[in-house]
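**Q** 3D model of this:
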Amino acid sequence: TVADPARVVLAVTAAIGDGDLFGAGADRTPLERLGAMLAGHDLLLVLDNCEHVVDAAARLAEHLLAAAPGVTILATSREPLAIAGETLVPLAPLGLDGPAAPAVALFTDRARAVRPGFVANDAVAGVCRELDGIPLAIELAAARLRSLTLGQLTERIGDRFGLLERGSRTSLPRHRTLRAVVDWSWDLLDDAERAVLRRLSVFPGGATVEAVTEVCAPEGDPVDLLAGLVDKSLLIMAETDQGVRYRMLETVREYAGERLDRSEEAGRVREAHAAYFLALAETAEPRLRGPAQLAWLARLDAEQGNLDAALGHALARGDHE
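**A** Alright, predicted model coming up:
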């Protein structure tokens, strides 16, 4: 709930319960007093949801770990604190495979809260897969069973942002709807990151650094921008036989696509995407009948989603050549 970075130290101090915050040692800064208070103690300090005050949280953590070696900090955030000694534990979306998949189990549990006796079937797995295994999205979808059948929910799940618009009254505003969650992450980006993210939405099959450079025309070093979006949990980096690729969860890609459509650059970016993959297809064509055939087939297979999208764009504009 702390929105002002200047209040992070005071919030932690208040939570720990220091009654002498403004007493002895008042000539020191609040951070120095907090470090002195915790020195010699063994404790776990949990900092939950740090991303909107990440710089202040990083300064707090770095000082406390030096001043109070017995303190261990567990921080949850959509991006790392990026300080010495930090160990990252990425949290992937819930598993989707098998009848006992965690995503299905969560949906079933929440569905039974609004519809006692609910029994999961294959449609539940489809809903969870459509929602990328995102826990909040799954909870919001299950809650819709108050007024929809599972079949109706399945028919409407393609409009995830419109469907999942009601959450708990007691949640923070940024956690009440699926759109609010992604809005929250979007608002924390700088202009260059937003530009790359919305342009990346034209890649249904993910993208290489080279493709991002050509199509997205990033305002800055593309590698640094992509790394920043990975750190902020908005892109997923995967190492493949063809090299490193970057992709988005479909929920994030749909949101970024909406942002692109509202911008003045949507047509230009889609034209650049189509031109890039036309050039790739033209380069590949003569090489599909030679010693490099298998390598090029693998590359085209990795780009199948992008090739389909480029072809669809060309046909939609009436370009049949």
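**Q** Tell me the secondary structure of residue 165, please.
**A** Under DSSP: H, G, I helix; E, B strand; the rest coil, residue 165 falls in the coil class.
**Q** Could you give the number of residues near it?
**A** Residues lying near residue 165 (other Cβ atoms under 10 Å) number 14. (Each C-beta comes from the backbone N, C-alpha and C, glycine too.)
**Q** and it, how far is that from residue 142?
**A** Residue 165 sits 14 Å away from residue 142, going by Cβ to Cβ, to the nearest Å.
**Q** now the helices: where do they sit in the stretch 51-200 of the chain?
**A** Here the stretch 51-200 of the chain has its helices, by DSSP state H, counting those that start in this stretch, at 54-67, 102-114, 122-130, 135-143, 150-156, 160-163, 178-187, 191-200.
**Q** mean pLDDT lowest for which of those?
**A** Sorting those by mean pLDDT places helix 160-163 lowest, at a mean of 79.
**Q** now the helices of the stretch 51-200 of the chain in JSON lines, with mean neighbour count and distance to residue 212?
**A** Putting the helices of the stretch 51-200 of the chain into JSON lines (neighbours: other Cβ atoms under 10 Å; distance: least, Cβ to Cβ, whole Å) gives the following:
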{"stretch": "helix 54-67", "mean neighbour count": "18", "distance to residue 212": "24"}
{"stretch": "helix 102-114", "mean neighbour count": "19", "distance to residue 212": "30"}
{"stretch": "helix 122-130", "mean neighbour count": "18", "distance to residue 212": "26"}
{"stretch": "helix 135-143", "mean neighbour count": "23", "distance to residue 212": "26"}
{"stretch": "helix 150-156", "mean neighbour count": "15", "distance to residue 212": "33"}
{"stretch": "helix 160-163", "mean neighbour count": "18", "distance to residue 212": "25"}
{"stretch": "helix 178-187", "mean neighbour count": "18", "distance to residue 212": "19"}
{"stretch": "helix 191-200", "mean neighbour count": "21", "distance to residue 212": "7"}
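**Q** Please produce JSON lines containing those helices, extended by distance to residue 208.
**A** Formatted as JSON lines, the helices of the stretch 51-200 of the chain follow (distance: least, Cβ to Cβ, whole Å):
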{"stretch": "helix 54-67", "distance to residue 208": "29"}
{"stretch": "helix 102-114", "distance to residue 208": "29"}
{"stretch": "helix 122-130", "distance to residue 208": "25"}
{"stretch": "helix 135-143", "distance to residue 208": "28"}
{"stretch": "helix 150-156", "distance to residue 208": "34"}
{"stretch": "helix 160-163", "distance to residue 208": "27"}
{"stretch": "helix 178-187", "distance to residue 208": "24"}
{"stretch": "helix 191-200", "distance to residue 208": "12"}
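**Q** Count residues in the vicinity of the closest residue to residue 112 other than its chain neighbours, would you?
**A** In space, and not counting its chain neighbours, residue 112 is closest to residue 118: 4.9 Å by Cβ to Cβ, 6 or more residues apart in numbering. Neighbour count for residue 118, taken as other Cβ under 10 Å: 18.
**Q** Of the helices of the stretch 51-200 of the chain, which is nearest residue 7?
**A** helix 54-67 (8.5 Å; Cβ to Cβ).
**Q** Report all helices and strands that the closest one contacts.
**A** Where contact means 3 or more Cβ pairs under 8 Å, 6 or more residues apart in numbering; DSSP states H and E, helix 54-67 is packed against helix 8-16, helix 30-38, strand 43-47, strand 71-75.
**Q** how far off helix 30-38 does that helix point, in degrees?
**A** If you take axes from the mean of the first three to the mean of the last three Cα atoms, to 10 degrees, helix 54-67 sits at 40 degrees to helix 30-38.
**Q** Do I have it right that residue 123 meets residue 152?
**A** No. With contact defined as Cβ atoms under 8 Å, residue 123 does not count as touching residue 152 (10.7 Å).
**Q** Nothing else from me, thank you.
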